[in-house]
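[1] Here is a sequence together with a model predicted from it:
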Amino acid sequence: MTRESIEDLATQAGLGRVADLIASAVRPSLLILAGAMPLPETPGSSRLGGLPDLEERQTWPQAATLGDEARPLAHVGQLRLEEVTGIEEDLPNAGLLTFFAEFDPQPGEVGVGETEFDPQLGEVQLGEVGVGEILYSRPGKSLLRASPPTDASPPVFSALGVGFAPDFTIPPFESSFVERLALSEAEQDGYFRLDELIHGSAPSDEPVHRVLGYPDQIQDDLQVLAELPHSWTAAAERVEGWRLLLQVDSDPRLGMEIGDGGRLYFMIHDDDLKRGAFEGVQLLCQMS
C-alpha cells in the first residue's frame, strides 16, 4: 500500500474533499506479531514480556509514587532496532530499546495514574498517565539476561518472540488533525470506513501491538494527554509533536491484562526523538 492508494481509498470512502490531506498525513508503522517467531535465546533480540537484556552498567528501573519507597518497574518488551529501520528517520538504526512500565502491586494505590496488580490474575489497572522508562543500549554493547530485583519483584510477563509486518496508519479520529478537517456527518462515517479499508475488519478483541505510526486510540487524544504533564496551554504545534513509539495491547498470551481490554502507549516528542533522549518518554494507558 502507498500514500497514493490510500488517497484513492479515501475518495472511495466518500472523503474526496480531503483525500489529499489525509494521504499526506499518513505515517508508516510496523505491526508487532506476537508469537509469530520462536523465542530467541540470544540477548538483544526483539520480544515482548520476559526478562530484559541489560548492560552491566545498567540498573533495573524503579519508580516511587505518593512518597512510597521506589519499586521496580515491570519489563514490557524490547526492540532490536536493526529490525525496525526505515520507518522513522530520527530513530537510531541500531541498538536495543528496552521498555518498562509501572505495575503497582498494591490494589487501589495511585501513582501518577491509578494502578492495580493482582498477582494471581496478572490484571493491571492503570490510570491515563503512568510511569514508564526506556533504556537504550548502543550497538556493540555486551548484554546479559537480567534477574528481577529480589527485594520487591515486579510482575514478569510471559515471553513471546515477535515478527514485524509493515502497516500504514492515519491520524486517530480523536485528534486535532481530524478536527481541522471539519468533516460532515457523512464524512465522519467515511473516516471510520477508510480505516477499515486500510486494515480490514479485524476482530475487536485481537491484540494490536505496534511500533511507530499513529496509536490505536480507545478514547481521548493521546497527543494532548502526553503534553498535559508539561503544559496545560501548549501551542498546537507542540502538542502535535508527540508520537507513538510503542503500543502494547492487553494480551492473554503475555499474561498481561490492562484494565478492561486496555493498551499501553509509550509516547515520545519529536524534539526528544531527534536527540535520542528516551528519558523524555511519556507512558499513557487507555481502557475501553
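    Alright, I've got the coordinates.
[2] Do a quick rundown of the helices in the stretch 101-250 of the chain.
    Assigned by DSSP state H, counting those that start in this stretch, the stretch 101-250 of the chain shows helices spanning 176-181, 185-199, 222-227, 236-239.
[3] what does the shortest one contact?
    Looking back up the chat, that one is helix 236-239. Helix 236-239 has contacts (C-beta atoms under 8 Å, 6 or more residues apart in numbering) with Ser176, Gln223, Val224, Glu227, Ser231. Every C-beta, even on glycine, is put in place using the N, C-alpha and C of the backbone.
[4] And it, what's buried?
    Judged by neighbour count using 16 or more other C-beta atoms under 10 Å, the buried positions of helix 236-239 are Arg238, Val239.
[5] Stretch 33-47 too?
    Ala34, Gly35, Pro43, Gly44, Ser45, Ser46, Arg47.
[6] Hmm, which of those is lowest in pLDDT?
    In terms of pLDDT, Gly35 ranks lowest among the buried residues of stretch 33-47, with 90.
[7] Could you report the neighbour count for the nearest residue to that one once chain neighbours are set aside?
    Computed as C-beta to C-beta, 6 or more residues apart in numbering, the closest residue to Gly35 that is not its neighbour in sequence is Leu160, at 4.8 Å. Neighbourhood size, Leu160 [other C-beta atoms under 10 Å]: 22.
[8] Leu160 contacts Gly49, correct?
    Yes: look at Leu160 against Gly49 with C-beta atoms under 8 Å: they come within range, at 5.8 Å.
[9] Next, show the common contact partners of the two.
    Common neighbours of Leu160 and Gly49 (C-beta under 8 Å, 6+ apart) are Leu254.
[10] quick one on the thing from earlier: so can I have JSON lines of the buried residues of stretch 33-47 showing secondary structure?
    Formatted as JSON lines, the buried residues of stretch 33-47 follow (DSSP: H, G, I helix; E, B strand; the rest coil):
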{"residue": "Ala34", "secondary structure": "strand"}
{"residue": "Gly35", "secondary structure": "coil"}
{"residue": "Pro43", "secondary structure": "coil"}
{"residue": "Gly44", "secondary structure": "coil"}
{"residue": "Ser45", "secondary structure": "coil"}
{"residue": "Ser46", "secondary structure": "coil"}
{"residue": "Arg47", "secondary structure": "strand"}
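[11] Closest to Arg138 out of those?
    Checking the buried residues of stretch 33-47 against Arg138 by C-beta to C-beta gives Gly44 as the nearest, at 11.2 Å.
[12] How about the contacts made by that closest one?
    Gly44 neighbours (C-beta under 8 Å, 6+ apart): Asp53, Gln78, Arg80, Leu96, Ser137, Leu143.
[13] one more time with 6 Å, if that's ok
    Asp53, Arg80, Leu96, Leu143 (C-beta atoms under 6 Å, 6 or more residues apart in numbering).
[14] Go through the residues you listed and flag which are in helices.
    Members of the contacts of Gly44 lying in helices (criterion: DSSP state H): none.
[15] Between the two ends of stretch 52-59, what distance do you get?
    By C-alpha to C-alpha, to the nearest Å, the extent of stretch 52-59 from end to end equals 11 Å.
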